[in-house]
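[1] heads up, no residue letters with this:
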Ligand SMILES: [Zn+2]
């Protein structure tokens, strides 16, 4: 058995590995049949194209935003008043839907839906005013059924103004609707200002007459006062509104403040919607009109 295994191992050695001379013979015979091919350097089919010389462009550094940019300092304040509120409930609602609460809203006391709309305005955070109808130079103007009319005595003016003050609540002051006649009348204005003084309300002169005496009488009565600088939409076009708002911006930056008046119209709402978001970067803040009045005149 041991002998058989020994023979098998030996045969294995000779058969599988074989002596070195045997392999050399096989290799020589193979190389004779397959002589090695000389390596031919192939000609390049196309001439070598050099890459074009391109000027090296240094990488552009990406500017990093400042870690936390401080808000620009406020340089000016603008009060926006939308008056004639209440006559068109649909447009009055649109004003409240699309414009921010910093806008002051002035409601006509005789409009049937004014009480409801004024409540809505208070809930939205607007400052409220009564937009008081006052006699105009043109006598045929429709002032509605609540108004301070030409020919009223001071007690009649007081009584009529106090009647308007019962229509809705939450207002901080008044401004005149029309009134180019009445704001020139010292007695009438004195009656108006004494009512305002007794209730700690302010007066905004819509300045429908350059001869208005309201400022002088308000000062005498100790009533807080401001005047309209710019009407923004008496020409109801987008261009006119945009130009007026640009003027308001310039005026405010020059004088630190401005009071503008607009009305519930589409062009006005659209114009203000676009303009208001641009103001912060210009250093302009929108404030309720009472913020532009000294507490004690
Ligand atoms: Zn008006």
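    Cool, the structure landed. Please read these numbers as outputs of a predicted model, since none were measured by experiment.

[2] any idea how far residue 277 lies from the ion?
    Distance of residue 277 to the ion, given as CB to the ion, to the nearest Å: 27 Å. From N, CA and C alone the C-beta is placed, and that goes for glycine too.

[3] so how many other residues sit close to that residue?
    10 (other CB atoms under 10 Å).

[4] helix/strand/coil for it?
    With DSSP: H, G, I helix; E, B strand; the rest coil as the basis, residue 277 sits in helix.

[5] now it: how far from residue 99?
    Using CB to CB, to the nearest Å, residue 277 is found at 12 Å from residue 99.

[6] so what's the residue count around residue 240?
    As a burial measure, residue 240 scores 15 neighbours (other CB under 10 Å).

[7] work out for me the element it sits within.
    helix 238-255 (DSSP states H and E).

[8] indicate the residue of the chain located nearest to the ion.
    Per CB to the ion, the residue of the chain with the smallest distance to the ion is residue 177, at 3.5 Å.

[9] ok so that residue is a strand residue?
    Yes. Counting by three-state DSSP, one finds residue 177 located in a strand.

[10] contact partners for it?
    When contacts are counted by CB atoms under 8 Å, 6 or more residues apart in numbering, residue 177 touches 83, 84, 108, 131, 132, 133, 134, 143, 206.

[11] surely the fourth one forms part of a strand?
    Yes. Applying three-state DSSP, one finds residue 131 inside a strand.

[12] and it, how far from residue 284?
    Residue 131 sits 25 Å away from residue 284, going by CB to CB.

[13] repeat that for the fifth one.
    Residue 132 is 29 Å from residue 284, where distance means CB to CB.

[14] higher neighbour count, those two?
    residue 132 (26 against 23).

[15] for the more buried one, give me its contacts.
    109, 147, 148, 161, 164, 174, 175, 176, 177, 179, 192.

[16] for those, which one is nearest residue 138?
    Distance to residue 138 across the contacts of residue 132 (CB to CB) is lowest for residue 179, with 11.5 Å.

[17] what's the neighbour count on the closest one?
    Using other CB under 10 Å: residue 179 sits among 30 other residues.

[18] from residue 204, how far off is it?
    When distance is defined by CB to CB, residue 179 is 11 Å away from residue 204.

[19] could you list the low-pLDDT ranges of the stretch 51-200 of the chain?
    Within the stretch 51-200 of the chain, the set of residues satisfying pLDDT under 70 comprises 51-61, 63-67.

[20] list, one by one, the residues from it near the ion.
    83, 84, 177 (CB under 5 Å from the ion).

[21] ok, now with 8 Å
    83, 84, 106, 108, 131, 133, 176, 177, 178 (CB under 8 Å from the ion).

[22] can you list those residues in TSV and add distance to residue 170?
    Below are those laid out as TSV (distance: CB to CB, whole Å):
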residue	distance to residue 170
83	16
84	18
106	12
108	15
131	14
133	20
176	20
177	19
178	24
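
[23] out of these, the closest to residue 122 would be?
    Residue 122 lies nearest to residue 106 out of these, by CB to CB, at 13.5 Å.

[24] list the contacts of the closest one.
    Neighbours of residue 106 in contact, by CB under 8 Å, 6+ apart: 81, 82, 83, 84, 85, 128, 129, 130, 131, 174, 175, 204.

[25] what about the third one, which SS state?
    The local conformation at residue 83, judged by three-state DSSP, is strand.

[26] show me what contacts it?
    105, 106, 108, 129, 131, 175, 177, 206, 261, 263.

[27] with the fifth one instead?
    When contacts are counted by CB under 8 Å, 6+ apart, residue 85 touches 92, 95, 105, 106, 107, 108, 111, 114, 117, 121, 131, 264.

[28] which of the residues in the helix or strand that contains the first one are buried?
    Going back to what we said before, that points to residue 92. Taking DSSP H and E as the criterion, residue 92 maps to helix 89-98. Across helix 89-98, burial judged by 16 or more other CB atoms under 10 Å covers 89, 91, 92, 93, 94, 95, 96.

[29] for stretch 219-230, which outside residues touch it?
    79, 81, 173, 175, 190, 193-194, 196-197, 201-207, 214-215, 218, 244, 247-248, 251, 258-261, 289-290, 292-297.

[30] which of those fall in strands?
    Residues of those located in strands (DSSP state E): 79, 81, 173, 175, 202, 203, 204, 205, 258, 259, 260, 261.

[31] quick one: buried ones out of those?
    79, 81, 173, 175, 202, 203, 204, 205, 258, 259, 260, 261.
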